[in-house]
Every structure is written in structure tokens, then in C-alpha cells.
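Student: Using only what follows, build the 3D model:
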Amino acid sequence: MEQTTSLTPQLFFETVTAFQRSAAIKSAVELDVFTKIAEGNKTIETIAQACDASTRGIRILCDVLTVMGFLNKKNNQYDLTDVSAAFLNRHSPAFVGNAVDFLMSPMQQRGFDDLTAAVRHGGSIVREEDSLAPDSPMWVKFARGMMPMMMPQAQMMAQRLGFEPDRKLKVLDIAAGHGIFGISVAQKYPNAKVYAVDWSNVLEVAKENAEKFGVAESHHLIEGSAFDVEYGNDYDVVLVTNFLHHFDKPTNESLLRKIRQSLTDDGKVLTLEFVPNDDRVSPPMEATFSLVMLAGTPAGDAYTFAELKEMFENAGFSRNEHIVLAPMPQHLIVSQK
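Tutor: Residues are numbered from 1 along each chain as shown. I've put the predicted structure just below:
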């Protein structure tokens with residue numbers, strides 16, 4: 001007797017072809033499809049002309065983007081969804097499309113080219129000096145492309161500081177990159193002085209953003225590796241954003257001890273990380289971020305709160321609070337002596 005089953009290999013098929021969806025969104029950003037539609041080009045012909053592309057190519061790409069949920073299609077005309085209008089139209093202040101320059105760069109993808117070897121090895125097979133060198137262009141791409149995506153988290157963190165608005169604050173921004181975390185604090189606290197630590201080429205981006213957001217006079221630069229440079233002391237706030245996941249626990253604890261020495265007695269460390277639950281398979285984005293660290297770093301990971309709390313306690317921090325920044329996938333850890 002023949003048996004029927006509802007099981008299909010659809011999940012496998014969708015997963016192994018997921019690169020096609022990534023390529024489609026990358027092409028749409030590079031061609032400015034979303035921006036051109038926002039400017040009033042609604043048909044295949046007008047979109048193709050505005051994007052300097054073939055009508056066949058635009059038809060296929062726009063139809064696929066519609067299937068993916070980035071466009072709406074009615075009566076052979078295309079329009080932006082609310083999400084695309086907010087984040088993929090270059091005229092929007094929340095435009096995040098430039099993030100493809102970093103997220104889909106060869107430097108980011110090469111760790112996944114032989115993920116099997118990374119799994120066998122227990123860490124990235126990409127040479128550490130290639131990606132972590134002071135003059136690596138990857139981090140400049142990160143700073144330029146990822147800033148808009150970090151804006152909500154940066155504003156949430158500034159809101160969580162808990163100081164009086166007119167208080168004078170001395171703020172240390174570790175591995176500042178684009179600088180938006182320190183900049184957001186300076187915007188909320190007019191009497192704050194922010195000291196951004198990063199490599200010199202990356203700090204040029206932070207400097208540009210400080211000028212753009214009107215806090216250049218409050219924004220100062222400390223060039224060099226966060227592990228090596230002298231921070232100074234008497235900081236009221238230290239920001240450690242998207243950084244600890246690159247390193248193993250002993251390395252992080254060493255850095256946290258150094259940070260603790262730079263704090264005032266009532267100072268706070270605000271750490272932003274992908275923090276999976278103890279089961280390490282939920283929530284989905286937080287849990288799967290560990291794969292990015294396996295492919296791209298020698299020993300980094302997505303750490304649970306229990307693991308982060310242990311690191312901070314070993315470094316001398318007795319108070320550690322875990323705050324979920326919903327709906328964003330990253331979490332905030334607030335630590336004090």
C-alpha cells in the first residue's frame with residue numbers, strides 16, 4: 001500500500017539557493033531600483049530607463065523583489081513597500097542600502113567559502129592579520145555602510161544611561177567605528193565629552209559623522225588598538241559595542257579589566273551584543289550570529305548573558321543587567337563595579 005507524506009525538501013532547496021535572494025537585493029541597491037521607483041518611475045520601461053538597465057532585466061528583478069516582499073505590483077506597475085520606502089530609498093534618512101558594501105564584500109564572504117574547514121578547525125581559516133590589520137579596508141566599509149543600521153540601537157543606549165540631561169559626562173567609545181554610539185550620547189547629553197578609540201583610517205569616518213550630526217566639538221579621537229592605547233581615566237561611561245564577540249573569553253576579560261581601571265567609582269559600561277538564550281538556538285538572529293564568528297574570527301562567539309556576566313565578574317564588575325532592545329536583535333548589558 002502506497003503511503004503519502006507531507007515531507008518535502010523545500011527547506012533544503014530554499015536554504016541552498018538563498019544566495020540568489022542576496023544577489024537580487026544587492027543588484028537592486030546598486031541599480032538604485034528603490035530610489036528610482038520612489039521618484040515616480042512605476043513601469044518596467046521607466047524604471048529601466050532611470051536605472052540604465054534593460055527592460056527584460058528590470059522586469060525579472062522587480063518581479064523577484066515583489067515575490068520577496070520588497071515591492072508591490074498592481075496593474076503592471078511597481079511601488080515600494082513601507083519597509084523599502086523607509087530603508088532602501090536613498091532619499092530616506094534611514095537608508096541602509098550601503099550596508100551591502102560591507103555585508104556582501106569579498107572580505108566578509110571569504111570566511112564562508114570554505115566553512116567546512118572552519119568547522120573542522122574550530123575557527124576561521126582566514127588569516128587574522130588580513131582582516132584585523134590597522135589598515136584593513138574592511139572596517140572602513142563597515143563604518144560607512146553600517147552606521148544607519150546601528151542608529152536605533154545607539155539611540156536606545158543613550159536613553160538607557162540614566163543620568164540627568166545636564167550632567168557633565170566623560171565617555172569612552174571603544175572600537176567606535178562610525179562613531180554613532182558616542183555621537184548619540186553627545187546629542188542627548190550636551191555637556192558630554194566623547195573619546196572615540198579606533199584605528200586612524202576608521203576614525204576619519206567617525207569624525208565625519210560627528211561633524212554631520214553637530215557634535216564635533218564634543219568628539220575627540222584616540223587612535224590605535226583598544227587593547228594597546230592608553231585611555232586615560234575618570235570615565236563616567238564606556239561603550240563597548242559589537243566588539244566582544246570577536247574574541248575569546250580570556251581576551252575579553254583582559255580588555256574589561258583595562259576598561260574597569262578607566263572608570264569612575266560609579267561609572268557604567270554599556271555593552272551591545274548578540275545574546276542568545278542559554279539553549280543557544282533562540283532567538284534565531286542572536287543564535288545564528290555565532291556562525292558569522294566561526295567563519296570570520298579565530299575564536300569569537302555569540303555569548304549568552306551567563307557567559308558575559310562571568311567575564312564581567314571575573315574582571316571586577318559586580319552588577320550586570322541584561323536588557324533586551326526589542327525589536328532589534330542586539331541586547332544591552334549594563335555593568336558597574
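Student: Could you tell me how far the helix or strand that contains Val240 lies from the centre of the chain?
Tutor: Using DSSP states H and E, Val240 sits within strand 235-241. Here strand 235-241 is found 18 Å from its chain centre; the criterion is C-alpha atoms, centre = their mean, to the nearest Å.
Student: Could I get the buried residue list for the following helix or strand past it?
Tutor: Where DSSP H and E defines the elements, the next helix or strand beyond strand 235-241 is helix 249-262. For helix 249-262, the neighbour count (16 or more other C-beta atoms under 10 Å) marks 249, 251-253, 255-256, 258-260, 262 as buried. All C-beta spots, glycine's among them, are computed from the backbone N, C-alpha and C.
Student: Looking at those residues, which is nearest Leu88?
Tutor: Asn252 (35.2 Å; C-beta to C-beta).
Student: Touching, the closest one and Met311? I think so.
Tutor: Yes - with contacts counted by C-beta atoms under 8 Å, Asn252 reaches Met311, the gap being 5.1 Å.
Student: which residues are common contacts for the two?
Tutor: Each of Leu244 lies in contact with both Asn252 and Met311 under the rule C-beta atoms under 8 Å, 6 or more residues apart in numbering.
Student: Would you mind confirming that Met151 makes contact with Gly179?
Tutor: No - at 11.8 Å, Met151 does not count as touching Gly179 under the criterion of C-beta under 8 Å.
Student: more crowded one of these two?
Tutor: The neighbour count for Met151 versus Gly179, taken as other C-beta atoms under 10 Å, is higher for Gly179 (30 against 18).
Student: Please tell me I have it right and the more buried one contacts Glu204.
Tutor: No - the pair Gly179 / Glu204 is not scored as a contact, 10.2 Å apart, by C-beta under 8 Å.
Student: ranges for the strands of the stretch 201-337 of the chain?
Tutor: Taking DSSP state E, counting those that start in this stretch to define them, one finds strands in the stretch 201-337 of the chain at 219-223, 235-241, 263-273, 319-324, 331-336.
Student: Make TSV out of these and add mean pLDDT.
Tutor: Shown next, in TSV, are the strands of the stretch 201-337 of the chain (pLDDT from 0 to 100):
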stretch	mean pLDDT
strand 219-223	97
strand 235-241	98
strand 263-273	97
strand 319-324	97
strand 331-336	98
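Student: Show me where the stretch 1-150 of the chain dips below the pLDDT cut-off.
Tutor: 1-4, 128-135 (pLDDT under 70).
Student: what ranges do the helices span in it?
Tutor: Remark: helices assigned in the stretch 1-150 of the chain by DSSP state H, counting those that start in this stretch are 10-16, 18-31, 33-38, 44-51, 55-68, 82-87, 100-103, 106-113, 115-121, 128-132, 137-159.
Student: mind exporting the longest one as PDB, just the C-alpha atoms?
Tutor: Looking back up the chat, that one is helix 137-159. Presented in PDB, the C-alpha positions along helix 137-159 are these (Å, rounded to 0.1, in the frame of the first residue of the first chain):
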ATOM      1  CA  PRO A 137      39.700  48.500   4.300                       C
ATOM      2  CA  MET A 138      37.000  46.100   5.600                       C
ATOM      3  CA  TRP A 139      36.500  48.200   8.800                       C
ATOM      4  CA  VAL A 140      36.200  51.400   6.800                       C
ATOM      5  CA  LYS A 141      33.500  49.700   4.700                       C
ATOM      6  CA  PHE A 142      31.800  48.600   7.900                       C
ATOM      7  CA  ALA A 143      31.900  52.200   9.300                       C
ATOM      8  CA  ARG A 144      30.500  53.800   6.200                       C
ATOM      9  CA  GLY A 145      27.900  51.100   5.400                       C
ATOM     10  CA  MET A 146      26.600  50.000   8.800                       C
ATOM     11  CA  MET A 147      26.000  53.300  10.600                       C
ATOM     12  CA  PRO A 148      22.300  53.700   9.600                       C
ATOM     13  CA  MET A 149      21.600  50.100  10.800                       C
ATOM     14  CA  MET A 150      23.000  50.900  14.200                       C
ATOM     15  CA  MET A 151      21.100  54.200  14.700                       C
ATOM     16  CA  PRO A 152      18.100  52.600  16.600                       C
ATOM     17  CA  GLN A 153      20.400  50.700  19.000                       C
ATOM     18  CA  ALA A 154      22.500  53.800  19.500                       C
ATOM     19  CA  GLN A 155      19.500  55.900  20.400                       C
ATOM     20  CA  MET A 156      18.200  53.200  22.700                       C
ATOM     21  CA  MET A 157      21.500  53.000  24.500                       C
ATOM     22  CA  ALA A 158      21.700  56.800  25.000                       C
ATOM     23  CA  GLN A 159      18.200  56.700  26.500                       C
END
